[in-house]
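1. could you work out the structure for the sequence below:
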Amino acid sequence: MSDGAVDLTTSATTSAWDQPLESLNPAQPALFQANAFWPYFERLRKEDPVHFTADSDYGPYWSITKFNDIMAVDTNHQDFSSEGGITIVTQDNEEGPLPMFIAMDPPKHDVQRKTVSPAVSPVNLRTLEPLIRERACKILDSLPIGEEFDWVDKVSMELTAMTLATLFDLPQEDRRKLTYWSDVVTAVPGQGLVDTLEQKMEIFVQYHAYFTELWNQRVNAPPSSDLISMLAHGPDTRNMSPREYFGNIVLLTVGGNDTTRNTITGSVLALNQNPDQYQKLRDNPSLIPSMVSETIRWQTPLAHMRRIATRDVELGGKTIRKGDKVVMWYVSGNRDDEVIENPDAYIIDRERPRQHLSFGFGIHRCVGNRLAELQLTIIWEEILRRFPTIQVVAEPKRVYSTFVKGYESMRVVIPERV
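-> This is a model prediction of the structure:
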């Protein structure tokens, strides 16, 4: 960890516990980039689990920080609506946020989600599994031995981009376009990837044009099993507006890319930080599925989801007013010691490893959760067959975001093959 990150972590701990409770604001991307946000949520869970921040860069909002309260909000779409966006910040433009099914309420949400869900059905996952394994083997066999490299770029991005390109039925040579566009969607202008909002919108135009061309191709071809064809031919989606189609493409790109990719990286980091658990995994590879679920909890690749109150609602002794912005901090709920035993520890053989909030609950539960678990399981089965250890050699560079809890890069060395 750099001196700057250490300083920010130290000051964040002091700030989180010493400032007046009413001014506490966990939605600061710099804190997430430095992995220094934890004391904010620790204090909120302890002292004010349903917390109102009156002033932030994103306006006033409520923070929901405990597991059961998050569940109560996430499973109550009648009182807590997803319309208008599911992050604390929505893209500013003249037309408002892009429509997409995760940012819709029933019945429209249900029919659009149902249209694409066959792509990640158990039947289709069985078809995809040998292809994912073949690609995972190829990626791992190409890695250098005894040389430092970026795990995010060489492994995490590659596997997820290959899988997503297959789901869209894109040429594999275009797979890194998906990675880039996904990063641009969630990028904060001025923080590295894009300089200005105008530049971000220019990239969106290219992104939109690429997928518009694919829609035009697929709508004039016989129906097939890829996501674009499903949308183009689905009775409930074939007449959607171009903006709505593009919104759903953005959702599927980010959902199919960021979460799995950052958990693949997080698994290597977590096992390095907990060498006893890494040894436990090497000694007993049958723990891989449990390790995968524990990593998804420990990493929490999307830190929050947002809702809007549709009426005045009582929660945790507080009155949330109609129209208020409500942020469910999954990353905090996954560390709630009233529900999860020893939640700050990384334990790959937990009794209930799937007890976590990372996929959400209710009607918006992650549609691709089984695909994410499948990719993680396969990559680790193949890692253990090849490499005695993967060593993280520097603190990873984290994403500047309160939404995507992920990694820009992580330097590793693989000392030897099995």
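2. just the helices in the stretch 251-400 of the chain please.
-> Using DSSP state H, counting those that start in this stretch, the helices assigned to the stretch 251-400 of the chain run over residues 275-283, 288-299, 330-333, 369-386.
3. need the CA coordinates for the shortest one. PDB is fine.
-> The C-alpha trace of helix 330-333 is given here as PDB (Å, rounded to 0.1, in the frame of the first residue of the first chain):
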ATOM      1  CA  TYR A 330     -24.400  -4.300  -0.100                       C
ATOM      2  CA  VAL A 331     -20.700  -4.000   0.800                       C
ATOM      3  CA  SER A 332     -21.700  -3.100   4.400                       C
ATOM      4  CA  GLY A 333     -24.500  -5.600   4.700                       C
END
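4. check which helices and strands that helix is in contact with.
-> Where contact means 3 or more Cβ pairs under 8 Å, 6 or more residues apart in numbering; DSSP states H and E, helix 330-333 is packed against helix 38-47, helix 67-74, strand 304-309. C-beta: built from backbone N, CA, C; applies to glycine.
5. distance to residue 149, mean pLDDT and mean neighbour count added to the helices of the stretch 251-400 of the chain, as TSV?
-> What follows is the helices of the stretch 251-400 of the chain, written out as TSV (distance: least, Cβ to Cβ, whole Å; pLDDT from 0 to 100; neighbours: other Cβ atoms under 10 Å):
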stretch	distance to residue 149	mean pLDDT	mean neighbour count
helix 275-283	19	97	15
helix 288-299	21	96	23
helix 330-333	28	96	27
helix 369-386	15	92	20
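6. residue 298: what's it in contact with?
-> Shown in contact with residue 298 (Cβ atoms under 8 Å, 6 or more residues apart in numbering): 266, 270, 334, 346.
7. among the residues you listed, which one sits closest to residue 373?
-> Among those, residue 266 lies closest to residue 373 (Cβ to Cβ), at 13.8 Å.
8. could you measure from the closest one over to residue 318?
-> Separation of residue 266 from residue 318 (Cβ to Cβ, to the nearest Å): 33 Å.
9. of these two, who's got more company?
-> Regarding residue 266 and residue 318, a neighbour count based on other Cβ atoms under 10 Å identifies residue 266 as having more, with 24 against 14.
10. the helices of the stretch 251-400 of the chain: which one's closest to residue 200?
-> Using Cβ to Cβ, those put helix 330-333 closest to residue 200, at 24.9 Å.
11. among the helices and strands packed on helix 330-333, which is the most enclosed?
-> Comparing the helices and strands packed on helix 330-333 by mean neighbour count (mean count of other Cβ atoms under 10 Å), strand 304-309 comes out on top with a mean of 22.
12. quick one: strands adjacent to that one?
-> Paired with strand 304-309 in the same sheet, following DSSP bridges, are strand 80-81 (antiparallel), strand 325-329 (antiparallel).
13. other residues contacting it?
-> Applying Cβ under 8 Å, 6+ apart, the set of residues contacting strand 304-309 from outside is 61, 73-74, 79-88, 320-331, 360, 364, 402-403.
14. buried ones among the residues you listed?
-> Applying a neighbour-count criterion of 16 or more other Cβ atoms under 10 Å, the buried members of the contacts of strand 304-309 are 61, 73-74, 79-83, 85-88, 320, 324-331, 360, 364, 402-403.
15. quick one: which of the helices of the stretch 251-400 of the chain is nearest residue 248?
-> Nearest of these to residue 248, taken as Cβ to Cβ: helix 369-386 at 16.9 Å.
16. gap between that closest one and the chain center?
-> Its chain's C-alpha centre and that of helix 369-386 lie 17 Å apart, by Cα atoms, centre = their mean, to the nearest Å.
17. format the strands paired with strand 304-309 as JSON lines; extra columns: mean pLDDT and distance to residue 274.
-> Formatted as JSON lines, those follow (pLDDT from 0 to 100; distance: least, Cβ to Cβ, whole Å):
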{"stretch": "strand 80-81", "mean pLDDT": "90", "distance to residue 274": "35"}
{"stretch": "strand 325-329", "mean pLDDT": "95", "distance to residue 274": "23"}
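18. make JSON lines out of the ones you listed and add distance to residue 298.
-> Output for the strands paired with strand 304-309, formatted as JSON lines (distance: least, Cβ to Cβ, whole Å):
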{"stretch": "strand 80-81", "distance to residue 298": "26"}
{"stretch": "strand 325-329", "distance to residue 298": "15"}
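19. for residue 129, find the nearest of the ones you listed.
-> When these are compared by Cβ to Cβ, strand 325-329 sits nearest residue 129, at 32.0 Å.
20. can you state the direction angle for that closest one and helix 38-47?
-> Interaxial angle, strand 325-329 versus helix 38-47 (axes from the mean of the first three to the mean of the last three Cα atoms, to 10 degrees): 110 degrees.
21. alpha carbons only: can I get strand 325-329 in PDB?
-> Extracted in PDB, the C-alpha atoms of strand 325-329 (Å, rounded to 0.1, in the frame of the first residue of the first chain):
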ATOM      1  CA  LYS A 325     -33.100   8.400  -2.600                       C
ATOM      2  CA  VAL A 326     -32.300   5.100  -0.700                       C
ATOM      3  CA  VAL A 327     -28.900   3.500  -1.100                       C
ATOM      4  CA  MET A 328     -28.500  -0.200  -0.100                       C
ATOM      5  CA  TRP A 329     -24.900  -0.700   0.700                       C
END
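22. what does it contact?
-> Outside strand 325-329, the residues that touch it by Cβ under 8 Å, 6+ apart are 26-27, 41, 58-65, 70, 73-74, 80, 88, 303-309, 320, 357.
23. rerun that using 7 Å as the cut-off
-> Here strand 325-329 makes contact (Cβ atoms under 7 Å, 6 or more residues apart in numbering) with 26, 41, 59-65, 70, 73-74, 80, 88, 303-309, 320.
24. same question for stretch 122-139.
-> Stretch 122-139 is contacted by residues 118, 155, 158-159, 162-163, 166, 225, 370-371, 374-375, 378-379, 382 when judged by Cβ under 7 Å, 6+ apart.
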